[in-house]
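*Asks:* Here's a sequence, model it:
(one chain, ligands or ions: 2)
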Amino acid sequence: MIEADKLVKDYGPIRAVDNVSFKVEKGDVLGFLGPNGAGKSTSMKMITGFLRPTSGTARIGEIDVRENPIEAKKLFGYLPESGPLYEEMTVMEFLDFICSMRGICKKKDKTEKIQRVVEICHLEGVRNQPIDTLSKGFRQRVGMAQAVIHDPACLIMDEPTDGLDPNQKLEVRKFISSMAEEKAIILSTHILEEVEAMCNRVIIIANGKILVDETPENLRKRHPHFNAVRLKIRGEKGEVKEFLNGHSLVKEIVDESGQILVVPKNGENIDETLFQAAKDKNWQVTQIEKPHTGLEEVFANLTK
Ligand SMILES: Nc1ncnc2c1ncn2[C@@H]1O[C@H](COP(=O)(O)OP(=O)(O)OP(=O)(O)O)[C@@H](O)[C@H]1O
Ligand SMILES: [Mg+2]
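*Replies:* Numbering: from 1, shown residues only. Ligands and ions are numbered 1, 2, ... in the order given. Below you'll find the model as predicted:
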């Protein structure tokens, strides 16, 4: 549905996007991650036809955005980074205008579509307020409303939850997940828990290049302590350490002031093995836990 094909963007001597290619199909929610200045927004602007690539192209539903931008634009909604909203219009005037631009002209259709997004994006209280008087989070909601008003097959959203309060963040995540089956979605974010909550695929980009393109599960497996187990053992630990150090499933053990972190080889699950060994050898285990291994450290290791 959405295809980036060898996209390159140079700004003078700076190569902001360097040969970026990927495909997103219906049912995919692709999380686009990367440090500030990595090239996420620039890639999205090229995919949506708002910025001319130095080379390469993008296709939306097989339509080349460079050759046929108007037809391509009918197929997607785009929430740009700090999107341009017409400041002097009220929210209702703006949504009415977007409908007209999208070719939704019949009064009944317009009213229905506007009503739908006003509800979804919780804009009831600011319907008649000029956009330049809205708070940052409400502007973001108006941006989201215009992106989905025509119920497009593809959605491209640059930091959709940026500036939203925690309740709205959750709402928007739910809303995006509810559309996941029906659409092809790309979203950029700096919030890694959002990736775990919404995305079935992750691309990490740095210095304009794709470093990783895989599922969040596989990305999590790259954590150095994936599936590690922390044991607190009463009494003498020498024998325990000796056993674990020599075990074929154990990569290393880390002594942590009174506790032992057992790191498995290849991120394998060693829970059963440890339970069995503790039982057989009568270790006095007083506490056992699996430390949280989120994507933060994986991201940091890949991009620092
Ligand atoms: N109009 C421009 N002129 C010159 N350089 C630009 C321009 N727009 C972007 N850049 C540069 O391109 C690079 C990529 O920027 P981009 O906005 O795509 O990053 P990003 O991944 O979206 O970052 P962020 O997480 O901060 O939003 C940066 O080095 C940026 O300074
Ligand atoms: Mg950006």
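*Asks:* ok, now how distant is residue 249 from residue 303?
*Replies:* 30 Å (Cβ to Cβ, to the nearest Å). Backbone N, C-alpha and C define where each C-beta goes, glycine included.
*Asks:* cool, and residue 174?
*Replies:* From residue 174 to residue 303 the distance is 29 Å (Cβ to Cβ).
*Asks:* Tell me which of the two has more neighbours.
*Replies:* Legend: neighbour count by other Cβ atoms under 10 Å for residue 174 and residue 303, higher for residue 303 (16 against 11).
*Asks:* Tell me the pLDDT of the more buried one.
*Replies:* As predicted, residue 303 sits at a pLDDT of 92.
*Asks:* isn't it right next to residue 34, touching?
*Replies:* Yes - taking contacts as Cβ atoms under 8 Å, residue 303 lies within contact range of residue 34: 7.0 Å.
*Asks:* Name the residues contacting each of the two.
*Replies:* Residues touching both residue 303 and residue 34 (Cβ atoms under 8 Å, 6 or more residues apart in numbering) are 204, 206.
*Asks:* For ligand 2, what is the nearest residue in this protein?
*Replies:* residue 41 (3.2 Å; Cβ to the ion).
*Asks:* contacting residues for the residue nearest to that residue when sequence neighbours are not counted?
*Replies:* Computed as Cβ to Cβ, 6 or more residues apart in numbering, the closest residue to residue 41 that is not its neighbour in sequence is residue 81, at 4.8 Å. In this structure, residue 81 makes contact with 41, 44, 158-159, 162, judged by Cβ under 8 Å, 6+ apart.
*Asks:* One more pass at 10 Å, please.
*Replies:* By Cβ atoms under 10 Å, 6 or more residues apart in numbering, the contact list for residue 81 reads 40-42, 44-45, 143, 157-159, 162, 188.
*Asks:* among these, which are in strands?
*Replies:* Among the contacts of residue 81, the ones falling in strands (DSSP state E) are 157-158, 188.
*Asks:* any chance of the residues you listed in JSON lines, with neighbour count, distance to ligand 1 and pLDDT too?
*Replies:* As requested, those are exported to JSON lines (neighbours: other Cβ atoms under 10 Å; distance: Cβ to the nearest ligand atom, whole Å; pLDDT from 0 to 100):
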{"residue": "157", "neighbour count": "25", "distance to ligand 1": "13", "pLDDT": "96"}
{"residue": "158", "neighbour count": "23", "distance to ligand 1": "7", "pLDDT": "96"}
{"residue": "188", "neighbour count": "24", "distance to ligand 1": "7", "pLDDT": "97"}
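*Asks:* just those now: which is nearest residue 204?
*Replies:* Nearest to residue 204 among the ones in strands among the contacts of residue 81, counting by Cβ to Cβ, is residue 188 at 11.0 Å.
*Asks:* measure stretch 222-229 end to end?
*Replies:* End-to-end distance of stretch 222-229 (Cα to Cα, to the nearest Å): 16 Å.
*Asks:* Next, the buried residues of that stretch.
*Replies:* 222-223, 225-229 (16 or more other Cβ atoms under 10 Å).
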